[in-house]
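>>> Curious how this folds, go ahead:
(one chain, ligands or ions: 2)
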Amino acid sequence: MHSSFTDQCDELVAVLQRFAAQSAAVDALVDRIAEAVLAGQTLFTCGNGGSAADAIHLAEELVGRYRSDRRPLAGICLNTDVGALTCIANDFGYEQVFARQIQALGRPGDLLVIFSTSGGSPNLLAALRAARESGLITLALLGKDGGSARNLADHSLVVPSDNSARIQEVHGLLLHAICEELEQRLQRAQG
Ligand SMILES: O=C(CO)[C@@H](O)[C@H](O)[C@H](O)[C@H](O)COP(=O)(O)O
Ligand SMILES: [Zn+2]
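Ligands and ions are numbered 1, 2, ... in the order given. A predicted model of the protein is given here:
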């Protein structure tokens, strides 16, 4: 059943009001990311479909900018290397497209942020496992019941909705909250 734009806005407001109860967990996740990235670690991101766009969005705002003029930060999205993606999918299977890149590029203390509305996409679960085995910090931005990813990641946030669109809209807010914290810490350090 397709709802009107007003209904969709009302639905998003209701989801955000429910999600506000997790503000302490949001602060803890943002803090863990900011601490590692500003210490020089690399933040890797990945997702499928619309969540791939979120993964691209977060990584580019570290390397490029969010709002302020500051030094570039290390962000790499695992959705963008079409050579690696097609080779791995073709030769090892789509489930390995992110995990194999993590095994090749990730270093202990780096971070992996996955975006998933279900928490059940096999290639993201494989990426979380590979990241853990490589000593990375794992963080999952999820929805619905969080799926298997919820307990696989070191830090998980589950947007309280079964609607993928509303989940992704809140993921967009979260990725900007991460960037906001990074840039505020850099500005404070610059005095
Ligand atoms: O953007 C949307 C839905 O809003 C879709 O493209 C959605 O991302 C795709 O169906 C994904 O394959 C769903 O994967 P996941 O979020 O469950 O990990
Ligand atoms: Zn979408």
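>>> From now on I want contacts and neighbour counts done on CA atoms only, so please keep to that.
Fine.
>>> doesn't residue 146 make contact with residue 155?
No. Applying CA atoms under 8 Å as the test, residue 155 and residue 146 come out as separate, 11.7 Å apart.
>>> report the longest strand in the chain, please.
Using DSSP state E, we find that the single longest strand of the chain is strand 137-143.
>>> Is the helix or strand following that one positioned near ligand 1?
Once strand 137-143 ends, the next helix or strand along the chain (criterion: DSSP states H and E) is helix 149-152. No. Shown here: helix 149-152 not in contact with ligand 1 (CA under 6 Å from any ligand atom), separated by at least 9.7 Å.
>>> pLDDT on helix 149-152, on average?
Averaged across helix 149-152, pLDDT comes to 98.
>>> Quick check: nearest residue in space to residue 130, chain neighbours excluded?
Excluding its sequence neighbours, the residue lying closest to residue 130 (CA to CA, 6 or more residues apart in numbering) is residue 99, at 5.4 Å.
>>> Would you mind listing where the protein has pLDDT under the threshold?
Judged against pLDDT under 70, the low-scoring parts of the chain cover residues 1-2.
>>> list the contacts for the residue lying closest to residue 178 once chain neighbours are set aside?
Leaving aside its sequence neighbours, residue 178 sits nearest to residue 30 (CA to CA, 6+ apart; 5.4 Å). Residue 30 sits next to 177-178, 181 when contact means CA atoms under 8 Å, 6 or more residues apart in numbering.
>>> Grab the longest helix from the protein for me.
helix 164-190 (DSSP state H).
>>> Would you indicate which residues of that one are buried?
Residues of helix 164-190 classed as buried: 164, 166-168, 170-172, 174-176, 178-183, 186 (neighbour count, 16 or more other CA atoms under 10 Å).
>>> could you check the angle strand 137-143 makes with it?
140 degrees (axes from the mean of the first three to the mean of the last three CA atoms, to 10 degrees).
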